[in-house]
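[1] fold the stuff below for me.
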Amino acid sequence: MAEWLEIPLQYHTDRKIVHVDMDAFYASVEIREHPELKSRAVVIANDPRDNHGHGVVTTANYVARQYGVHSAMPAAQALKLIPKELLIFVPPHFELYRVVSAQIHEIFHQVTDEIEPISLDEAFLDVTHNKLHEKNTIKLAMWIQHQILKKTRLTCSIGISYNKFLAKVASDHNKPVGRTIIRPEQAHDFLADLPISQFFGVGTKTQESLHELNVYTGGDLLRLSQMTLIRHYKKMGVVLYKHARGIDDSPVQGQRERRSIGKERTYNPSIEADERVQRELKLISQQVAQALAKKQLHGRVVVLKMRNQLFQTTTKRQSFDQYLSDEATIFQVAWQLWQTYGDLSQGIRLLGITVTDLVPRSFENVDLPLFE
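    Below you'll find the model as predicted:
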């Protein structure tokens, strides 16, 4: 470890990285298909009124978000937050979303083949050397936005910087239909004012421990040595040390590994009561969350696996437009899936929870303060 720390940090600012993030993608596709929904609060979820109060929000349009509705929220809660005359639930249509995503990626390939897809609705592009031979990255971003709007009738927000970390920060800054650039000379001041809670990978527990070290902003983080951060946070300490200085040398990887992390438990005798299912799902959710934290990963899909005494196995999944990794959210989604699809008539001899479509936590969604 000591030998590793002796390697000096180097700033590489010659790359041009673009992060494209579609605006409320699933909801926007549904509104495109059904223009009469444009003024409504569109929540992508099965209607809990038709589903015994069960269901989880996949995403919501910006009208619904103004009322506090967000991804992974119980659908029944949206009923309480949004006026009934404004609210409409739309079940997700992932086959359609995949078709539209493929159209968007065709546009990306007109610019570069150095593309790292993060999900159906976002990707990193390295446009340092691009097929359009355009040196002005802002013009490239405008061209991408225009082509996506022209061919799909959908909008996106784009972040531009010299690395992936800052490009992702920039794309989240000014949604929807945003276009934000963070230049090398701007990064230090911007990050110094950024609340530590908005640094990638900083969950509630890490934030609390950083507060104990009097770290509340990126500027405070700069005062901690690399060794101190490693001692407290191991590998994540190195990431925090680099990110506070605007450093992220990770390349745009065209073939991103699709990983998953899951845990399951077998029961003999089988489970016969909902209360026991609930307890077991809480335990499994805790194990999955711990495994995700250990590998510094999070994902957008939660899968519930159920097997009865007849050895019939059922899997149900829920996709989201936000990343998740915390125990409470994983349990909430798994429990909602059980309430919707679970069946105790033949007993339950196996339960499992898996989180898939994983990426490093450095691609976490954050809310940003105003920055010009």
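
[2] show me what contacts residue 161?
    Applying Cβ atoms under 8 Å, 6 or more residues apart in numbering, we find residue 161 in contact with 17, 167, 169, 170, 181, 182, 183, 187. C-beta: built from backbone N, CA, C; applies to glycine.

[3] pull out the buried residues from those residues.
    17, 167, 169, 170, 181, 182, 187 (16 or more other Cβ atoms under 10 Å).

[4] pull the most distant pair out of those.
    The distance between the two most remote of those (Cβ to Cβ) is 12.5 Å, for 17 and 187.

[5] what's the overlap in contacts for those two?
    By Cβ under 8 Å, 6+ apart, the residues touching both residue 17 and residue 187 are 161, 162, 166.

[6] let's have the contacts of residue 161 in TSV, adding distance to residue 247, secondary structure and pLDDT.
    Formatted as TSV, the contacts of residue 161 follow (distance: Cβ to Cβ, whole Å; DSSP: H, G, I helix; E, B strand; the rest coil; pLDDT from 0 to 100):
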residue	distance to residue 247	secondary structure	pLDDT
17	13	strand	97
167	14	helix	93
169	13	helix	84
170	16	helix	88
181	18	strand	94
182	13	coil	93
183	15	coil	94
187	9	helix	92
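
[7] how many residues are close by residue 50?
    11 (other Cβ atoms under 10 Å).

[8] for residue 190, see how far away it is.
    Separation of residue 50 from residue 190 (Cβ to Cβ, to the nearest Å) stands at 46 Å.

[9] likewise residue 172?
    13 Å.

[10] how about residue 30?
    On the measure of Cβ to Cβ, residue 30 and residue 190 end up 35 Å apart.

[11] of these two, who's got more company?
    residue 30 (22 against 19).

[12] mind telling me what element that one is part of?
    helix 25-33 (DSSP states H and E).

[13] so for that helix, mean pLDDT?
    Averaged across helix 25-33, pLDDT comes to 97.

[14] wait, residue 323 sits on residue 300?
    Yes: contact criterion Cβ atoms under 8 Å: residue 323 and residue 300 qualify, at 5.9 Å.

[15] quick one, what contacts residue 344?
    Counting by Cβ under 8 Å, 6+ apart, residue 344 has contacts 271, 272, 273, 274, 277.

[16] quick check: phi and psi at it.
    phi -100, psi 0 (degrees, to the nearest 10).

[17] repeat for the one 10 residues further on
    Note on residue 354: backbone dihedrals following degrees, to the nearest 10 are phi -130, psi 140.

[18] so which of the contacts of residue 161 is the closest to residue 138?
    residue 181 (6.3 Å).

[19] separation between the residue in the chain sticking out farthest from the centre and residue 349?
    For the chain, the C-alpha farthest from the mean C-alpha position belongs to residue 269; by Cα atoms, centre = their mean, that distance is 38.0 Å. For residue 269, the distance to residue 349 (Cβ to Cβ) stands at 8 Å.

[20] can you give me the helices for the stretch 251-372 of the chain?
    All helices of the stretch 251-372 of the chain, identified by DSSP state H, counting those that start in this stretch, fall at 274-295, 327-341.

[21] which one of those has the most crowded surroundings?
    helix 327-341 (a mean of 21; mean count of other Cβ atoms under 10 Å).

[22] what residues are up against the nearest residue to residue 65 once chain neighbours are set aside?
    The shortest distance from residue 65 to any non-neighbouring residue, by Cβ to Cβ, 6 or more residues apart in numbering, is to residue 24 (7.8 Å). Applying Cβ under 8 Å, 6+ apart to residue 24 gives the contacts 59, 60, 61, 62, 65, 176, 321.

[23] which of those lies closest to residue 243?
    Of the contacts of residue 24, the one sitting nearest to residue 243 (Cβ to Cβ) turns out to be residue 321, at 23.5 Å.

[24] what's that closest one in contact with, if anything?
    Applying Cβ under 8 Å, 6+ apart, the residues contacting residue 321 are 24, 25, 26, 58, 59, 71, 119, 121, 300.

[25] show me where pLDDT drops low in the protein?
    Low-confidence segments of the chain (pLDDT under 70): 1-8, 200-201, 255-258, 362-372.

[26] tell me the domain ranges of it?
    The record's domain parsing of the chain by automatic domain parsing lists 26-94, 260-356.
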